[in-house]
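1. Starting from these lines, generate the structure:
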Amino acid sequence: QQGLFLGDDDIENIKSYLATDIKRLKDVTNRTNKSRNKVISIADTPKLVDVIPAVGRNHHYNRMTSVIEYLTFIAKLAVKHTPNPKLNSEIKRMETEFKSARPKGKGNSVLDETNNKTLPESLVKEFIAVAHYDDIQNPFTQENVRFRNHLMFHLMSRHGIRRGEMLALALTDMMLHGSNKSFWVRRTHDDKYDPRSKQPVAKTRERKLRISDQTAELMDRYITKYRSVTPNANKHPYLFVTHRKGPTQGQPVSISTFDNTIVPAMKKVDEKFEAIHPHYFRHYWNEGFSEKIDVNNTLAASGAEGYTHIDSGKEAKMRKHQMGHSSEMSGNTYNKRHVSKKANEISLMEQEELNRKAAEVRKESEMQGSSNE
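-> Okay, here's the model as predicted:
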C-alpha cells in the first residue's frame, strides 16, 4: 500500500533466516534442554548455540530463488492495474539485489555458519585493527590503498552507514573544518557524474551526520594527500577512488570492487574473519549506540551534570535518524531538529569517556553514602 520494497536490511535478514537448518537447530536445542533439564527461551539460544546449523549452499540458493520469485510475482500483481514506471523499476531493483545476495559457488555439504548478528564485539574490533593503514597484517601493499580502506571501515563502524552509502559519499556534501564537522548521506540515483555501471546509492532517507575531529582529520588527509594526486579523480565528486594504475584509475570505487576484492582480501588474513559481512557493521554500530544510551541514562540517574534521561521513544527516533530509516510520522519541525541534534551528540560520545564518568559518579555516590553513616 505504501509502495515500499525490500531494502538491504530486509534482504540480509531474509537471507540469514533462509540459511538456517531448522531441523538441526531443533535437535541441538532439544539436546541442550535435556542436558540442562530446563526450558530455554529464544533469548537464551545464542548463548547456548554458538554456531547456527545452516543448510548447504545449493539448498540456500534454491530457497532464496523461490522466495524472490514469489515476492516478485506478488509485487507485479499488486501494481498490475496501476502501471507506474517507478514502481516497476523498484520491483526490478529488488529482484536483482535479492538474486545477487544468493550464496556464490556450489556445495552440498551442510555448513555451520556463525550468526552474523551475534558476532563477538572483539572479532569486529580485531578486523578493524587489521584494516588500519599501519597494521603489519594489513594485506594491501600500496600506502594510498591501505589508508583508503582504513577510512572505509572506520566510517562504516563509527556511523553504521551501508557500504553503498559509504561509496556514494561526495566531496560536495562534507564539512571537515569548523565546529560543525559533518557529512550528508544523499540519494544519488542516476547521477550523470557517476561512471559506475551499478551506482551505489542510499536506499534510506537522506540525513546529515556529525563526525568527530578524528574522522574529519582522516577524511581530509585522504582527500589532500592521496585522492588529489590520483589521475582522473577530479572528474567526479565521489570520495573513494581507485588508486591502482590502469583504465579505472581515479574512478569511484565500485560495490563490486569492495565486495569482491577489498573484503575478501581482509578475510584471508584470518579464517575468523570469514564470519564478517559488510552489513554487520550496522549491527556493530547499533550495539555501541545502545551501550552509550545505557551509560548516558546511568549518569542521568546519578544526577551527573549535563545528562538527561533518554526514554525508549526518544531513543527510537534518534536511532532512526542515524540509520536513515523511515521518517517519524509525528512531531513538528523543531522536534525533529532537536532529535537530530541529540542523536548526533550521543553518537559522538566516546564510550571510554562515558564509562569513566559513570565510574566517577558511582564513586562519588558511595563516598557520600559513607559520610552520611
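2. how does the chain divide up, domain by domain?
-> 8-113, 121-275, 281-371 (automatic domain parsing).
3. Quick check: end-to-end length of the longest one?
-> Taking Cα to Cα, to the nearest Å, the first and last residues of domain 121-275 lie 12 Å apart.
4. And the average pLDDT for it is what?
-> Mean per-residue pLDDT for domain 121-275: 88.
5. Determine which stretch of the domains of the chain is the most buried.
-> domain 121-275 (a mean of 17; mean count of other Cβ atoms under 10 Å). Where you see a C-beta, it was placed from the backbone N, CA and C, and this is true even at glycine.
6. Now Ala233. Its backbone dihedrals?
-> phi -70, psi -20 (degrees, to the nearest 10).
7. Point to the residue nearest the middle of this protein.
-> For the chain, Arg282 is the residue whose C-alpha lies nearest the centre (Cα atoms, centre = their mean; 2.4 Å).
8. helices or strands next to the helix or strand containing that residue in the packing?
-> For Arg282, the host element (DSSP states H and E) is helix 280-301. The contact analysis (3 or more Cβ pairs under 8 Å, 6 or more residues apart in numbering; DSSP states H and E) places helix 280-301 against helix 121-130, helix 143-159, helix 312-323, helix 333-348, helix 351-371.
9. quick one: contacts of the last one?
-> Spelled out, it's helix 351-371. 288, 291-292, 295-296, 298-299, 302-304 (Cβ atoms under 8 Å, 6 or more residues apart in numbering).
10. I'd like the distance from that helix to the chain centre, please.
-> 33 Å (Cα atoms, centre = their mean, to the nearest Å).
11. How about stretch 126-139?
-> Going by Cα atoms, centre = their mean, where stretch 126-139 is centred and where its chain is centred differ by 19 Å.
12. Switch the contacts of helix 351-371 over to TSV, and while doing so, append pLDDT and distance to Arg244 to every line.
-> Below are these laid out as TSV (pLDDT from 0 to 100; distance: Cβ to Cβ, whole Å):
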residue	pLDDT	distance to Arg244
Gly288	84	33
Glu291	83	38
Lys292	88	38
Val295	88	43
Asn296	90	44
Thr298	87	48
Leu299	90	48
Ser302	87	53
Gly303	88	56
Ala304	88	50
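13. and which of the residues you listed is nearest Val55?
-> Of all the contacts of helix 351-371, Gly288 has the smallest distance to Val55: 31.8 Å, by Cβ to Cβ.
14. what's Pro264 in contact with, if anything?
-> Going by Cβ under 8 Å, 6+ apart, the list of residues near Pro264 is empty.
15. scratch that, Met152 is what I was asking about
-> Here Met152 is in contact with 166, 240, 258, 262 (Cβ under 8 Å, 6+ apart).
16. ranges for the strands of the stretch 101-250 of the chain?
-> For the stretch 101-250 of the chain, applying DSSP state E, counting those that start in this stretch gives strands covering 112-113, 174-175, 182-185, 207-210.
17. now the ones you listed as a markdown table including distance to Val124?
-> Formatted as a markdown table, the strands of the stretch 101-250 of the chain follow (distance: least, Cβ to Cβ, whole Å):
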| stretch | distance to Val124 |
| --- | --- |
| strand 112-113 | 16 |
| strand 174-175 | 26 |
| strand 182-185 | 22 |
| strand 207-210 | 20 |
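18. between those, which gets nearest to His277?
-> strand 112-113 (10.3 Å).
19. what is the mean pLDDT for the closest one?
-> 38.
20. For the remainder of this discussion, apply numbering that starts at 3.
-> Let's use 3 as the start, then, which means that last one is strand 114-115.
21. Quick check: His161 touching Ser349?
-> Yes: with contact defined as Cβ atoms under 8 Å, His161 and Ser349 form a contacting pair (7.4 Å).
22. where do the contact lists of the two overlap?
-> Common neighbours of His161 and Ser349 (Cβ under 8 Å, 6+ apart) are 211, 324.
23. among the strands of the stretch 103-252 of the chain, which is nearest Tyr19?
-> strand 114-115 (12.4 Å).
24. quick revisit: pretty sure the residue nearest to the centre of the chain sits against Arg164.
-> Yes: the criterion here is Cβ under 8 Å, and Arg284 meets it with Arg164 at 6.8 Å.
25. hey, what's in contact with both of those two?
-> Joint contacts of Arg284 and Arg164 (Cβ under 8 Å, 6+ apart) are Met158.
26. can you redo the contacts of helix 353-373 as a markdown table with distance to Ala80?
-> Listed next are those as a markdown table, based on distance: Cβ to Cβ, whole Å:
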| residue | distance to Ala80 |
| --- | --- |
| Gly290 | 38 |
| Glu293 | 41 |
| Lys294 | 41 |
| Val297 | 45 |
| Asn298 | 43 |
| Thr300 | 47 |
| Leu301 | 49 |
| Ser304 | 53 |
| Gly305 | 54 |
| Ala306 | 52 |
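27. Tell me the one of those residues nearest Pro233?
-> Among the contacts of helix 353-373, and counting by Cβ to Cβ, the member closest to Pro233 is Gly290, at 38.1 Å.
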